[in-house]
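Novice: Model the structure of this input:
(one chain, ligands or ions: 1)
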Amino acid sequence: MSRAMIPTITAFARSPDRGRGLARDMRVRWALEEVGQPYDVRLLSFEAMKEPAHLARHPFGQIPTYEEGDLILFESGAIVLHIAERHPGLLPDDANARMRVIAWMFAALNTVEPPIFERSLANILERDEPWYEQRLQVLEANIRKRLGDLSSRLDDAEWLDGAFSAGDLLMVTVLRRLEGSGMLEEYPNLSTYVARGKARPAYQRAFDAQLAVFTGVSAT
Ligand SMILES: N[C@@H](CCC(=O)N[C@@H](CSCc1ccc([N+](=O)[O-])cc1)C(=O)NCC(=O)O)C(=O)O
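Specialist: Residues are numbered from 1 along each chain as shown. Sure, this is the predicted structure:
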């Protein structure tokens, strides 16, 4: 495969998640590994992310971005969808099943992730406020509402809708943000669902690659 065909993604040169795979390049790496697509990584400092060259790729100066020929994409969900549409393995062939998976992709990012992200943000920015504990109760109640509904829908299924899909990939990366909070463990089927996702060889290759960036150890 010529290097011109190999996509380039962007990622943190030094991720604040300290190699825990919580930054959103992880979901793009995972999708590329699931479909067996080699990729290059452009590592960016925080400063470089705000420079014109990157702002031309990403209007908000963030990572990840995805470049493939004359296509430049931002938004991890859109990048995963693009990868899923160009390669088999992340979207079913049946048209209705395909749209249901895309609905789960939106649900992961628009319905489940926001309360989880809001709690993470509060934990970083507001934990010293006198009202933090009360606010945390509200934020965690919002998360439990979503986890309860998701747990009920998943029940004892292996994946959200038939075979493993891009919807599961995004949902697992969203739920991983709760690791260490104890909240996921309140829903055993969600805990095993996330563990099932993390056990996938493609996940492990993606995780090891982003960890190698943080540890500075070559992945090859
Ligand atoms: N909606 C966009 C959001 C992209 C985004 O939030 N990018 C973050 C990194 S992933 C989000 C993230 C950051 C850190 C952790 N962490 O655990 O430390 C986890 C996730 C970024 O570039 N931040 C720098 C900036 O905004 O200037 C997408 O899904 O692609």
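Novice: where does residue 63 land in three-state SS?
Specialist: coil (DSSP: H, G, I helix; E, B strand; the rest coil).
Novice: What is the burial count for it?
Specialist: Neighbourhood size, residue 63 [other CB atoms under 10 Å]: 25. Quick note: C-beta positions are derived from backbone N, CA and C, even for glycine.
Novice: got a list of what it touches?
Specialist: By CB atoms under 8 Å, 6 or more residues apart in numbering, the contact list for residue 63 reads 10, 11, 12, 23, 24, 25, 44, 49.
Novice: beta partners for the third one?
Specialist: The residues paired with residue 12 through beta bridges, assigned by DSSP bridges, are residue 44.
Novice: before we move on, the earlier item: in TSV, list the contacts of residue 63 along with neighbour count and pLDDT.
Specialist: TSV is the format used below for the contacts of residue 63 (neighbours: other CB atoms under 10 Å; pLDDT from 0 to 100):
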residue	neighbour count	pLDDT
10	23	98
11	21	98
12	21	97
23	21	97
24	21	98
25	25	98
44	24	97
49	20	98
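Novice: Next to the ligand, which bits of the protein? Give me the list.
Specialist: 16-17, 22-24, 49, 61-64, 75-77 (CB under 6 Å from any ligand atom).
Novice: Next, residue 128: secondary structure please.
Specialist: Using three-state DSSP, the secondary structure recorded for residue 128 is coil.
Novice: Number of residues surrounding it?
Specialist: Neighbours of residue 128 using other CB under 10 Å come to 6.
Novice: any idea how far it is from residue 141?
Specialist: 22 Å (CB to CB, to the nearest Å).
Novice: How far away from the center of its chain is the helix or strand where residue 209 lies?
Specialist: Using DSSP states H and E, residue 209 sits within helix 201-215. Relative to the mean C-alpha coordinate of its chain, helix 201-215 is positioned 13 Å out (CA atoms, centre = their mean, to the nearest Å).
Novice: One more: stretch 194-214?
Specialist: That offset, for stretch 194-214, works out to 11 Å (CA atoms, centre = their mean).
Novice: Would you mark the buried spots in it?
Specialist: For stretch 194-214, a neighbour-count test (16 or more other CB atoms under 10 Å) marks 194, 197-198, 200, 202-203, 206-211, 213-214 as buried.
Novice: ok, then the element right after the longest helix belonging to the chain?
Specialist: Determined from DSSP state H, the single longest helix within the chain is helix 132-154. Once the chain leaves helix 132-154, the next helix or strand it forms, by DSSP H and E, is helix 166-175.
Novice: by contact count, what packs against that next one?
Specialist: Contacts defined by 3 or more CB pairs under 8 Å, 6 or more residues apart in numbering; DSSP states H and E place helix 166-175 against helix 25-35, helix 76-86, helix 95-107, helix 113-125, helix 188-198.
Novice: now for the fourth one, which elements pack on it?
Specialist: Read it as helix 113-125. Checked by 3+ CB pairs under 8 Å, 6+ apart, helix 113-125 has helix 132-154, helix 166-175 packed alongside it.
Novice: Equivalent analysis for the third one, please.
Specialist: Contacting helix 95-107 under the criterion 3+ CB pairs under 8 Å, 6+ apart are the following elements: helix 76-86, helix 166-175.
Novice: Let me have the ones you listed in a markdown table, extended by mean pLDDT.
Specialist: As requested, these are exported to a markdown table (pLDDT from 0 to 100):
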| stretch | mean pLDDT |
| --- | --- |
| helix 76-86 | 98 |
| helix 166-175 | 98 |
